[in-house]
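[1] Quick one: sequence plus predicted model below, questions after.
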Amino acid sequence: QVQLVESGGGLVQPGGSLRLSCAASGFTFSRSGMSWVRQAPGKGLEWILEINSVGISTYSADSVKGRFTISRDNAKNTVYLQMNSLKPEDTAVYYCRAVVGLNTYWGQGTQVTVSS
């Protein structure tokens, strides 16, 4: 079955960096668009970045432009989220999302906390 497993979250100081990973299995990763979505405490889902099957990325959130980038390694079935210049308002649970055919799949999420 489809599985998405995020990792790399944690506690980081403002201005720091983290790289999140999402390991995918159970579907043809190289043909699927992937995205990162986050949910801050008490708020709704916020789409951050998307990347298509050929590696073209699209920003969905102005708040992360110039600081976050998305990439993928089709050989490793993994999508990454590089987060730089982190701010306290980036504190959230970060989810990996895959669209496979007509279905959407989500990972379990990884917590990112930006605090001094």
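    Good, I have the coordinates. Numbering: from 1, shown residues only.
[2] ok, and the helix or strand in the chain with the lowest average confidence?
    Lowest on mean pLDDT, DSSP states H and E among the helices and strands of the chain sits strand 57-59, with a mean of 82.
[3] for the record, mean pLDDT for the following helix or strand past that one?
    The first helix or strand that comes after strand 57-59 along the chain, using DSSP states H and E, is strand 68-73. Taken as a whole, strand 68-73 has a mean pLDDT of 95.
[4] just stretch 109-116 next, same as before
    Per-residue scores along stretch 109-116 average to 97.
[5] now could you export just the CA positions of it as PDB?
    Extracted in PDB, the C-alpha atoms of stretch 109-116 (Å, rounded to 0.1, in the frame of the first residue of the first chain):
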ATOM      1  CA  GLY A 109       3.600  14.500   9.700                       C
ATOM      2  CA  THR A 110       6.700  15.700  11.400                       C
ATOM      3  CA  GLN A 111       6.800  18.400  14.000                       C
ATOM      4  CA  VAL A 112       9.000  21.500  13.400                       C
ATOM      5  CA  THR A 113       9.400  23.900  16.300                       C
ATOM      6  CA  VAL A 114      11.300  27.200  15.800                       C
ATOM      7  CA  SER A 115      12.100  28.700  19.200                       C
ATOM      8  CA  SER A 116      15.000  30.200  21.100                       C
END
